[in-house]
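Engineer: give me a 3D structure for the following:
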Amino acid sequence: MNNNKLYPFERNRYYPGKMLTSADFQAEQNYHINKARFMNGLMYGSGIICGLGVFSLDDQSVLIESGAAIDGHGREIIVDSSTVKKLSAIEGFDRLTGDVVRLCVRFKEQEIHNVYSVNRKEDEKEYEFNRISEGYELFLTERENDGADYAPDTEFLSKETLFKSENYIGEVMIPTAVCKGKNVKIVLEVRKISTENVNLNCRGLLEMPAFQTAEGNHEIEIGFENLNLSMGESVKKEYWVRVQDTPAVVSELILRSGTAFAFENDAAINTSSNFSLRVMLRSISPLELVSNETGKLNLEMRGIGLMDDSVPLADLKIVRTANNYLIDTIIEDQVKKYILTPAQILMRSTYMSFFEKEVDIMETAPQGQEAVVAKTGGSRTEFTNIATGTLEVPLGKNARTGDIRYSGEIPHGLGPGNVYVDIGYSYVSDNPELAVNQKCTFYGNPDLFSKKNEQMTDVETAVKVLNEKGSFVVAARLLRDVDYLTLTFRWVAIRFPSGDEMELTEDYYDKSISVATPTVIMGTKESHFFSVRFNNMKATGITYELTAPGSGEISSDGVYTAPSREGVYEIRIFCTEMPVICTYAYAIVRKKMIGDSENGGGSLLDNNGI
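Structural biologist: Sure, this is the predicted structure:
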């Protein structure tokens, strides 16, 4: 591991009568050179600034384009003109043994301009080089030998191993600190660490007390199916969850005991029986959190991670014959690392506009539903208690007067509860004054608008609101024969304010909470998250407490840790603001016996204890 420090900095101090030697002039140069390299590494890091593309010129040669880069010591590497190199002529080729090699460039100095040395002493050289040329050198290395042994994200991410074998290793990772009320991703990464041709299947169930999926669950299943990687290759799967706005400052991501497994070619491999990832919950924005995490890296930590003296350009797949070789493929993606310089901001933002679309509130509405927005001083405000959309009721080919047809179940997007839904009949009428057809929507009785006492409506309708499911169904009865196949309606849903919003006394009737898994069997010192369901009430703050001393530990967000002795332990769970609404959970704790599964014995019981 390199650790070539460029600081502390020292510069010449000049004073009258000072005698200057070559050492003083060298110190003057070193001061400015090291200061510039220090700032390069600190402000830009290492990587390619521009150019340095690699192309196959023929079966045995490559073309390297001109360009610029900065290495891990902050030194500028300038390739002033495009160059063609035969692969066998590049330094390091003779030591290669693999079929995939990495082409790199590094900084190289060369002394030039040989001149006569004036006033030399008897033991000094007669000629000296008068200049130092800052150039570059290309070289080849084995791909698996390239790269630093320290990654800066080790301080930003919490990691735990889900499984590990001679062929694969799987790790779960999440930031060590997350933002309340914001989204965050959990990553499962699998790496191949052998050359064996092995298929992998793996899974595990994570419990997340302070996180929720898009469906509102506090647990998520992770895993891969039929995975087959090459040596050194890795894949990642992302799982996005939302951080709850909770008073807690610390939470955990828990692998449920007994849920992890991994198979290689149908043969089971060792997996973690139970682990937890500790996560800090912060009440700040993601930008502020990331800025704090990246800014707090000290100089030693930055220096360890940025001391590589080379910059990778490409991976080359080569085909070897008895006495020769052929260049098969050149791979630059995920090999090159580019430095995002301020001079490229405008160009980068222009290019990114082809891939990023401004989020539209209309796109966030559920399928078949349009979000209602109001313009207020040039901005748009979303009404969270109103929703609208269109629906169609199919009639079929032979619909006659008096026939009743039903729509499918339509979610209105306002959630369960007391919601009012009204529908309007969309009608196309002739306008003789404008000589056009006009589309109208009638709410109520459209016959009141008839000037000739003619029947304008084709159907009469009714709406059935499914309060607990957050949806509705429309019924339509034909009042006359029609010759079209569908009826079109516009619907509007309005959610009534809750009792809290109307400042009414809370009614506890028919409201309750229940535990998703009220009884759990677990080993000593293991952890389990007791997830709570809300019945006929909105989600609210929950308090957990142990009913007897020595029953283990329970965190504020519902993570129970079993004690070291066996027994049956009770946990009381109640609504913080309404303690009368409560329930109980039970932990059956037993020590693992010889012959228990390697993956733990966490058998779960349902509400009937089965």
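Engineer: shaky segments in this protein?
Structural biologist: Scanning the chain for pLDDT under 70 picks out 1-5, 144-155, 297-307, 355-384, 397, 427-439, 446-457, 484-485, 497-509, 592-610.
Engineer: nearest spatial neighbour of Thr329, skipping sequence neighbours?
Structural biologist: Sequence neighbours aside, Lys317 is the residue nearest to Thr329 in space, at 4.2 Å (criterion: Cβ to Cβ, 6 or more residues apart in numbering). Yep, even glycine has a C-beta here, placed from its N, CA and C like the rest.
Engineer: no no, Glu142
Structural biologist: Computed as Cβ to Cβ, 6+ apart, the closest residue to Glu142 that is not its neighbour in sequence is Gly98, at 5.4 Å.
Engineer: what number of residues lie near that neighbour?
Structural biologist: 16 (other Cβ atoms under 10 Å).
Engineer: residue with max distance from the center of the protein?
Structural biologist: Distance from the centre of the chain peaks at Glu122, with 68.9 Å (Cα atoms, centre = their mean).
Engineer: please, where are all the helices along the stretch 201-350 of the chain?
Structural biologist: For the stretch 201-350 of the chain, applying DSSP state H, counting those that start in this stretch gives helices covering 286-295, 299-305, 345-352.
Engineer: run through who's touching the last one.
Structural biologist: Contacts of helix 345-352 from elsewhere in the structure, counted by Cβ atoms under 8 Å, 6 or more residues apart in numbering, are Leu340.
Engineer: what comes up buried for that helix?
Structural biologist: Across helix 345-352, burial judged by 16 or more other Cβ atoms under 10 Å covers no residue at all.
Engineer: kindly export it (C-alpha atoms) in CSV.
Structural biologist: Taking Å, rounded to 0.1, in the frame of the first residue of the first chain, the C-alpha atoms of helix 345-352 are listed here in CSV:
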residue,chain,number,x,y,z
ILE,A,345,-20.9,20.8,-16.4
LEU,A,346,-22.8,22.5,-19.2
MET,A,347,-22.1,19.7,-21.7
ARG,A,348,-23.0,17.1,-19.1
SER,A,349,-26.3,18.7,-18.2
THR,A,350,-27.2,18.9,-21.9
TYR,A,351,-26.5,15.3,-22.5
MET,A,352,-28.3,14.2,-19.3
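Engineer: centre of the chain versus it, how much separation?
Structural biologist: Here helix 345-352 is found 23 Å from its chain centre; the criterion is Cα atoms, centre = their mean, to the nearest Å.
Engineer: quick one: Thr161 and Phe224, what's the gap?
Structural biologist: For Thr161, the distance to Phe224 equals 15 Å [Cβ to Cβ, to the nearest Å].
Engineer: residues of the host helix or strand of Val105 that come out buried?
Structural biologist: Element membership for Val105, per DSSP states H and E: strand 100-116. Judged by neighbour count using 16+ other Cβ under 10 Å, the buried positions of strand 100-116 are Val100, Val101, Arg102, Leu103, Cys104, Val105, Arg106, Phe107.
Engineer: so what does that strand touch, helix or strand wise?
Structural biologist: If contacts are counted by 3 or more Cβ pairs under 8 Å, 6 or more residues apart in numbering; DSSP states H and E, strand 100-116 sits against strand 61-64, strand 76-79, strand 127-142, strand 310-320.
Engineer: just checking: what are the partner strands of that strand?
Structural biologist: strand 127-142 (antiparallel), strand 310-320 (antiparallel) (DSSP bridges).
Engineer: just the buried positions in the longest one, please.
Structural biologist: Of all the residues in strand 127-142, those buried under the rule 16+ other Cβ under 10 Å are Tyr136, Leu138, Leu140, Thr141.
Engineer: looking at those, which is nearest Ile423?
Structural biologist: The nearest member of these to Ile423, counting by Cβ to Cβ, is Thr141 at 69.8 Å.
Engineer: ok, so what distance separates that closest one from Ser88?
Structural biologist: 15 Å.
Engineer: which outside residues touch stretch 162-173?
Structural biologist: For stretch 162-173, contacts defined as Cβ under 8 Å, 6+ apart pick out 157-161, 186-194, 196, 198, 200, 202, 204, 206, 222, 229, 253, 255, 260, 262, 264, 269-272, 277.
Engineer: how about 7 Å then?
Structural biologist: 157-161, 186-194, 196, 198, 200, 202, 204, 222, 260, 262, 264, 269-272, 277 (Cβ atoms under 7 Å, 6 or more residues apart in numbering).
Engineer: for it, measure first residue to last.
Structural biologist: This stretch, stretch 162-173, spans 10 Å end to end (Cα to Cα, to the nearest Å).
Engineer: same check, this time on stretch 7-26
Structural biologist: Stretch 7-26: ends 16 Å apart by Cα to Cα.
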